[in-house]
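J.: how would this look folded up:
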Amino acid sequence: MPEPAMTANEIVHDMQFVTSCDLPMPWATFQLHAFIEQSTGKEHLALTLGNISDGLPVLARVHSECLTGDALFSQRCDCGPQLQQALKNIAEAGRGVLLYLRQEGRGIGLINKIRAYQLQQNGIDTVEANLHLGFEADLRNYNICLPMLQHLQIHALRLMTNNPRKIQALEHHGITVTERVPLVIAGNVHNQFYLNTKAAKLGHLLQAEANAVKAQQPTENN
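T.: Below you'll find the model as predicted:
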């Protein structure tokens, strides 16, 4: 039997659920759930659609905040298109969850991410820029995901990601991932170096997935 959901303002594992509301979006009307991470004061969100508490694996995206990509339409990364495609995929499935985590710039924050962008303009890659600023390549922490999913009564994920390390991190924190669902976005002239770096230095499965998607596309002779 599923564990009871947290009530408003109940705190579990440093995560406080606050409230929920409807959120009409271009693809469907989602339920928006607000949480506060007590130790940092950061506000995190979950977007859900359909019956997600039936015990079956749920189509999911764990998305870290990217203000420049998500809200300002930056083409330096693939974050905004990934966010929109994940929400579209959930809407088409009629069931799913997207966790929106306030971990800007792989955990270094917005201002430091802009500093990293300035360094990248001088020719170094995204990993080298973080290291130059005194940070690790990826400082994101996924331990906040489990209490959010427990509140939503979600027990297993079909995770939309190209990053095997994200799956390992979630499983390390007690989250069951039954399937990796590729989420490949076409690159552009502004982000191709960034995408190549994610594949080469951060282990993202971008080229293999892009080739698989291309192979599935019909040719003119079909």
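J.: residues in contact with residue 49?
T.: The contact partners of residue 49, by Cβ atoms under 8 Å, 6 or more residues apart in numbering, come to 28, 30-31, 90-91, 94-97. Using the backbone N, CA and C atoms, a C-beta is placed for each residue, glycine as well.
J.: pairing partners for it in the sheet, please.
T.: Counting by DSSP bridges, residue 49 is bridged to residue 96.
J.: look up how far residue 23 lies from it.
T.: 10 Å (Cβ to Cβ, to the nearest Å).
J.: okay, and the common contacts of those two?
T.: Joint contacts of residue 49 and residue 23 (Cβ under 8 Å, 6+ apart) are 30-31.
J.: tell me the buried residues in the longest helix seen in the chain?
T.: In the chain, taking DSSP state H as the definition, the longest helix is helix 79-93. Under the neighbour-count criterion of 16 or more other Cβ atoms under 10 Å, helix 79-93 has 79-83, 85-87, 89-91 buried.
J.: can you check stretch 112-124 too?
T.: Using 16+ other Cβ under 10 Å as the test for burial, stretch 112-124 gives 112-113, 115-117, 119-120.
J.: tell me the one of these nearest residue 69?
T.: Nearest to residue 69 among these is residue 113, at 10.3 Å by Cβ to Cβ.
J.: secondary structure class of the closest one, three-state.
T.: helix (DSSP: H, G, I helix; E, B strand; the rest coil).
J.: centroid residue for the chain?
T.: residue 63 (1.6 Å; Cα atoms, centre = their mean).
J.: name the helix or strand for it, please.
T.: Assessed by DSSP states H and E, residue 63 sits inside strand 58-64.
J.: what about that strand, average pLDDT?
T.: Averaging pLDDT along strand 58-64 yields 97.
J.: tell me who's in contact with the residue nearest to the centre of the chain.
T.: Neighbour list for residue 63: 79, 82-83, 86, 98-101 [criterion: Cβ under 8 Å, 6+ apart].
J.: and for residue 152?
T.: Listed by Cβ under 8 Å, 6+ apart, the contact partners of residue 152 are 5, 33, 46, 48, 52-53, 97.
J.: ok now stretch 27-38, how far from the chain's centre?
T.: Relative to its chain's centre, stretch 27-38 lies at 14 Å (Cα atoms, centre = their mean, to the nearest Å).
J.: extract the C-alpha trace of that stretch and format it as CSV.
T.: The C-alpha trace of stretch 27-38 is given here as CSV (Å, rounded to 0.1, in the frame of the first residue of the first chain):
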residue,chain,number,x,y,z
TRP,A,27,0.5,20.8,-23.9
ALA,A,28,-1.9,20.1,-21.0
THR,A,29,-3.0,21.4,-17.6
PHE,A,30,-0.5,20.0,-15.2
GLN,A,31,-0.6,20.0,-11.4
LEU,A,32,2.1,22.2,-9.9
HIS,A,33,3.5,21.2,-6.5
ALA,A,34,5.7,23.6,-4.4
PHE,A,35,8.4,22.4,-2.0
ILE,A,36,11.0,24.2,0.2
GLU,A,37,14.4,22.7,1.0
GLN,A,38,14.8,23.6,4.6
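J.: excluding chain neighbours, give the residue nearest to residue 62 in space.
T.: Spatially, and ignoring its direct neighbours in sequence, residue 62 is nearest to residue 99 (4.9 Å; Cβ to Cβ, 6 or more residues apart in numbering).
J.: my guess is that neighbour contacts residue 61. True?
T.: Yes - Residue 99 is within contact range of residue 61, at 7.3 Å (criterion: Cβ atoms under 8 Å).
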